[in-house]
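Trainee: can't give you the sequence, but here's the structure:
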């Protein structure tokens with residue numbers, strides 16, 4: 001079924017408006033009050049804790065999917081204890097959904113760098 005010219009114009013106008021609101025990138029989660037998760041995440045068999053932490057890291061990641069929140073801050077934002085948060089992070093890393101790298105500054109350990117990997 002072909003889309004009529006009127007429908008195309010309305011759709012294009014809507015897309016342009018969304019692009020203006022979001023600073024040119026309709027899917028840029030940094031500009032809006034939302035973030036996107038791939039549908040495939042529901043096929044990964046995550047526990048509720050893992051899903052919550054994955055969602056948090058996804059929502060806070062930069063353009064490369066990286067964030068460096070501390071475990072106490074992640075656990076507080078996700079409404080869970082720090083041990084449950086650590087367990088979820090470890091499990092997400094073992095499942096290949098996130099990468100965890102240690103960060104150092106002046107030979108002092110800082111919070112980890114979390115990178116959400118593509119599904």
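Mentor: Nice, I can see it. Note that this is a predicted model, so its numbers are computed, not measured. Numbers count the residues shown, from 1 in each chain.

Trainee: Need the per-residue pLDDT for residue 96.
Mentor: For residue 96, the pLDDT comes out at 95.

Trainee: OK, contacts around it?
Mentor: With contacts defined as CB atoms under 8 Å, 6 or more residues apart in numbering, residue 96 is in contact with residue 117. Glycine gets a C-beta too; all of them are placed from N, C-alpha and C.

Trainee: Find the nearest non-adjacent residue to the residue sitting nearest the centre point of the chain, please.
Mentor: Nearest to the geometric centre of the chain sits residue 58, at 1.1 Å (CA atoms, centre = their mean). With CB to CB, 6 or more residues apart in numbering as the criterion, residue 58 has its nearest non-adjacent residue at 5.2 Å, and that residue is residue 116.

Trainee: Let me see the backbone angles for that neighbour.
Mentor: Dihedral pair for residue 116: phi -80, psi 120, per degrees, to the nearest 10.

Trainee: Helices of this structure, start to end?
Mentor: 5-21, 48-60, 71-78, 82-94 (DSSP state H).
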